[in-house]
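# dropping the sequence and predicted coords here.
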Amino acid sequence: MPRLFVAVDLPEQIKDRLAGICQGVHGARWVTDSQFHITLCFLGQVEGPAARQVQEGLAGVRCDPFTLQLSGIGHFPPRKQPKVLWAGVEPDDELRLLQGRVNSRLKRLGLPGENRRYAPHVTLARLSRPAMAPLLQYMGDHMAFETEPFGVTDFQLFSSVLGRAGAVHRVEASYPLMGR
């Protein structure tokens, strides 16, 4: 059964830049460029009428288009054994506003939404007990990573199906940012 999440897809040139740094950590399960995105809200398994309600309900989210930039490399959890390697997103009030409005809309539809503090990022790899020396070397080598600014003019509802080769993401709906 597919899982649903709401995200900002990335332009191809940004995905290409990210793909160029997805190497060099032994044991990392690197994300493919088709999976790069900035999650706004993870919903999990939602099916049937509830999935249609989500798809229709998100059409009511209003925000202005805005510009983002990726910058820096880090990992989750921050002070424990790293499990996820990520590229950071420069702080942006418009992105936080969009995430808050998506989350509020989903809660009004009766879904749990996100209760954690929002930490926008792009997942680069999943880690399983990485050797710390190569990971620290990678992070040092890419700490100054940044992309050019890029425009965000829409957001998407994705489905994700887990398979042996990893998750396959599919855009279920796209929502233009048309202003408030």
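Structure's in. What do you need? Numbers count the residues shown, from 1 in each chain.

# now do the helix or strand encompassing residue 162: which elements does it pack against?
Assigned by DSSP states H and E, residue 162 belongs to strand 154-163. Judged by 3 or more Cβ pairs under 8 Å, 6 or more residues apart in numbering; DSSP states H and E, strand 154-163 is in contact with strand 3-9, strand 37-45, strand 166-176. Any C-beta I mention is one placed from the backbone N, CA and C, and that applies to glycine too.

# beyond the helix or strand containing residue 67, next helix or strand please.
Assessed by DSSP H and E, residue 67 sits inside strand 66-68. Once strand 66-68 ends, the next helix or strand along the chain (criterion: DSSP H and E) is strand 70-76.

# give me the neighbour count for residue 125.
Counted with other Cβ atoms under 10 Å, the neighbours of residue 125 add up to 21.

# please disregard the earlier target; I meant residue 139.
Residue 139, neighbours per other Cβ under 10 Å, totals 17.

# would you say it is within a strand?
No - remark: residue 139 does not belong to a strand; assigned using DSSP: H, G, I helix; E, B strand; the rest coil, it is helix.

# could you number the chain from 26 rather than 1 from now on?
Noted, 26 is the first residue going forward, which turns the last one into residue 164.

# which ones are touching the closest residue to it other than its chain neighbours?
Using Cβ to Cβ, 6 or more residues apart in numbering and skipping residues adjacent in sequence, the residue nearest residue 164 is residue 98, 5.4 Å away. Listed by Cβ atoms under 8 Å, 6 or more residues apart in numbering, the contact set of residue 98 reads 46, 110-113, 149, 163-164, 167-168, 170.

# if we can go back for a sec, what's the strand holding residue 187 in contact with?
27-34, 62, 65, 79-80, 83, 86, 123, 127, 192-202.

# of the residues you listed, select the buried ones using a PyMOL command.
The following PyMOL line selects those of the contacts of strand 179-188 that are buried, judged by 16 or more other Cβ atoms under 10 Å:
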select buried, resi 27+28+29+30+31+32+33+34+62+65+79+83+86+123+127+192+194+197+200+202
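
# could you report the pLDDT at residue 205?
pLDDT, residue 205: 61.

# same deal with residue 137?
75.

# how far away is it from residue 181?
20 Å (Cβ to Cβ, to the nearest Å).

# which one's more surrounded, those two?
Counted by other Cβ under 10 Å, residue 137 and residue 181 do not tie: residue 181 has more neighbours, with 19 against 12.
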